[in-house]
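1. Model the following, please.
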Amino acid sequence: MKDDVLLLFIGSVFLTVFILSQALLLPTLGTNRAERKKLKHRFDKLLHGQGEIHHQLVKKNYLGQLSPAARFIESRAVMMDLKMSLEHAGLTIPAYRFVLLDLIAGITASYLAIEYFHHTLVSVLVFFAVVILPFFWLRRRREKNIEKFDEQLPEALDMIARSLQTGYPFSECLKIVAEEMPAPVGYEFGLVFEDVNYGRDLELALALMIERVPSLSLNAMATSVLIQKETGGNMAEILYKISQVLRGRFKLQRRVKTLSAEGIFSAWVLCLMPFVMFLMLSFLNPGHFDALFESVYGTYLVYVIGILEVIAIFWMRKIIRIDV
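-> Residues are numbered from 1 along each chain as shown. You can find the predicted model right below:
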């Protein structure tokens, strides 16, 4: 009975830290998902699916460089989605190699856990923890890369607007941004310039850019450019206004993030306090919880505490999450 409760405690610690990492460490200032999909759908309607042939050619060229076994694994739909996530995160490693290294790390950690703890359940928990955590690290890296792009985008728009006012064509403005701005915005605008310079339509080049960097700010910028191309107007003035709106949004985001930092820290303290106290009391007095371990009601109590802990995490996440 004591071993079962101890294993349940270990599992509860893992589950709590895992949920906290997703609820609190990931950006709490995300844009409303419905608005993001609505703007993306509006941009896709302007493109009329022009990039499908290009995607097929790129996929065929990429798979042709792999070995037969790697090509079979990489051609799966799940692996292609993972490859897209790796590209969004700025990583060049193939998807199948990322999964293979992840499984090797999980098996190694599981073997070390069973050698040390001599218990199958602990080994299984360690395996799943080691296998799952890299994917959330990848998600976090992808979001950071997009956040960095969003921060650099207003300056890039100002640079394009100034270049347009001096008489440069739009394609040359893209080249100026690619040469003057650091990655990731300079690199992405450089790819757009190469696409346009080699004869690809601007609409398709912007669509491919959005596929690489799924940013709401980039969607707004690309939509404005395409609408201006069809209806006419002062492109430089439009880009200046978009830049001002994006800067105001980032300023508000930082302000809200600063004000919510105390709530995030308090949530960490409240959620981890029961486990910290448990470990401290067990270390100071090893027999302090013997009565809890030996009682059937004590086991039920641990279950109730675990359920309430999970509910508290989601509740606090809802309180401190603010969309800007």
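
2. Average pLDDT for the strand or helix carrying D102, rounded please.
-> D102 belongs to helix 95-117 when assigned by DSSP states H and E. Average pLDDT, helix 95-117: 86.

3. Send me that helix as CSV with only the CA atoms.
-> Presented in CSV, the C-alpha positions along helix 95-117 are these (Å, rounded to 0.1, in the frame of the first residue of the first chain):
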residue,chain,number,x,y,z
ALA,A,95,11.4,14.8,-38.8
TYR,A,96,12.2,11.0,-38.7
ARG,A,97,15.6,11.8,-37.2
PHE,A,98,14.0,13.9,-34.5
VAL,A,99,11.6,11.1,-33.6
LEU,A,100,14.4,8.5,-33.6
LEU,A,101,16.6,10.5,-31.3
ASP,A,102,13.6,11.2,-29.0
LEU,A,103,12.8,7.4,-28.8
ILE,A,104,16.4,6.6,-28.1
ALA,A,105,16.5,9.1,-25.3
GLY,A,106,13.2,7.8,-23.8
ILE,A,107,14.4,4.2,-23.9
THR,A,108,17.7,5.1,-22.3
ALA,A,109,16.1,7.1,-19.5
SER,A,110,13.6,4.3,-18.9
TYR,A,111,16.4,1.8,-18.6
LEU,A,112,18.2,4.0,-16.1
ALA,A,113,15.0,4.5,-14.1
ILE,A,114,14.2,0.8,-13.8
GLU,A,115,17.8,0.1,-12.8
TYR,A,116,17.6,2.7,-10.0
PHE,A,117,14.0,2.4,-8.8
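
4. All further residue positions should be reported with the first residue as 162.
-> In the new numbering, first residue 162, that becomes helix 256-278.

5. What's the first helix or strand after it?
-> helix 281-326.

6. What helices and strands are in contact with that following helix?
-> For helix 281-326, the packing partners by 3 or more C-beta pairs under 8 Å, 6 or more residues apart in numbering; DSSP states H and E come out as helix 163-181, helix 238-249, helix 256-278, helix 331-341, helix 346-358, helix 377-392, helix 396-445. Any C-beta I mention is one placed from the backbone N, CA and C, and that applies to glycine too.

7. quick one, domains of the protein?
-> Following automatic domain parsing, the chain resolves into domains at 162-191+408-485, 310-407.

8. Pick the most deeply packed of those domains.
-> Highest mean neighbour count of the domains of the chain: domain 310-407, a mean of 18 (counted as mean count of other C-beta atoms under 10 Å).

9. For that one, measure first residue to last.
-> 12 Å (C-alpha to C-alpha, to the nearest Å).

10. now stretch 442-451
-> 12 Å.

11. related to what we said a few turns ago, identify whichever of the domains of the chain lies nearest to S271.
-> domain 162-191+408-485 (13.7 Å; C-beta to C-beta).
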